[in-house]
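In: My questions concern the predicted model and sequence given below.
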Amino acid sequence: MIRLPIIYSMIQRDEIFMRPSHIHLFGTNEVGQDMLMLVLGGIINSILLSILVVLGTNLISLMLGSFMAIYGKNLERLLLRVIDIFLVMPSNILIMAISIYIKPSPIWFSFVILIFGWAQGTKLIWSHTKRIVNKDYINAVKLFGGSSFYILRKHIFREILPLLLVIAIQTTRRTILIESGLSFLGITNPEVISLGKLINRSLDFLYLDVWKWCLLPPLLGLIIILVALGFIGIYMEGKFDRRPNIDRDIRA
């Protein structure tokens, strides 16, 4: 059974700086650990951290954003001011400062990112839900006695699901970028495998020929993940923007 997160001591050792071969496809590093296993471990740890952050961010954004739009008034004004404060904060610098002092585990690290990452998604959900509750078919449901909870459960949640997917992809990309950057600077837990840490360690061997298989695999792995998430996010945003207008369909 694989224990998560994956740490360096879990990777077996062989001869140091072995060239890529059929035994070690990406070669080995300065302590003889397989680079392919290290890169895969870093990717798995990044995905694990992103899942924790995405679950928390989407839950908070969904609940706060939808309730603000439906129940509005004083609650809406208050929370919008709080959201604006969080949006103007230098979140990356604050996450770095907090991480320096607490050296967080993946769960605590995801909680720190969540603290400064919920505001943007919440405002997007609030803005979209605000447009939905003013549509004709929602007004018709209210006239027939539909409660706010019924409207949320049967109509709004279904409408904002594509937006939640877009927020999830954006949050995943941002989380991986932040985690890799902080691990590159040596701020995160040194025992946990990270693509940023692998890149940082490989820079010590740029004067040797081994940098080709110590630096390129984690660097290309990080670039591929971020680019792929970027393209998926653009595609999902396009699908979300091209959805049919429900009011127009009902009137037709």
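Out: Perfect, I can see it now.

In: alpha carbons only for contacts and neighbour counts from here, please
Out: Noted.

In: Show me where the stretch 151-252 of the chain has its strands.
Out: Along the stretch 151-252 of the chain, no stretch is classed among the strands by DSSP state E, counting those that start in this stretch.

In: quick one: low-confidence parts of it?
Out: Residues of the stretch 151-252 of the chain that meet the criterion pLDDT under 70 lie in 240-252.

In: Show me where it has its helices.
Out: For the stretch 151-252 of the chain, the helices defined by DSSP state H, counting those that start in this stretch occupy 157-184, 195-202, 211-214, 216-241, 246-251.

In: mind listing what's buried in the third one?
Out: Looking back up the chat, that one is helix 211-214. W211, K212, W213, C214 (16 or more other Cα atoms under 10 Å).

In: quick one, what contacts the second one?
Out: Yep, that's K212 we're talking about. K212 sits next to no residue when contact means Cα atoms under 8 Å, 6 or more residues apart in numbering.

In: Look up how far L25 lies from it.
Out: Using Cα to Cα, to the nearest Å, K212 is found at 13 Å from L25.

In: got it, and the third one?
Out: Note on W213: its distance to L25, by Cα to Cα, is 9 Å.

In: residues in contact with the residue most central in space within the chain?
Out: Here the mean C-alpha position of the chain is nearest to the C-alpha of T172 (Cα atoms, centre = their mean), at a distance of 2.0 Å. Residues near T172 by Cα under 8 Å, 6+ apart: I47, S50, I51, V53, V54, L229.

In: try 10 Å
Out: S46, I47, L49, S50, I51, L52, V53, V54, V166, I178, L226, L229 (Cα atoms under 10 Å, 6 or more residues apart in numbering).

In: ok, back up a step: overlap of the contact sets of K212 and L25?
Out: R19.

In: Who are the contact partners of K239?
Out: Here K239 is in contact with P162, L163, V166, G233 (criterion: Cα under 10 Å, 6+ apart).

In: Of the residues you listed, which is the nearest to I11?
Out: Closest approach between the contacts of K239 and I11, by Cα to Cα: G233, at 33.2 Å.

In: Below-threshold pLDDT in the stretch 1-150 of the chain: ranges please.
Out: Residues of the stretch 1-150 of the chain that meet the cut-off, pLDDT under 70, sit at 1-3, 72, 103-104, 146.
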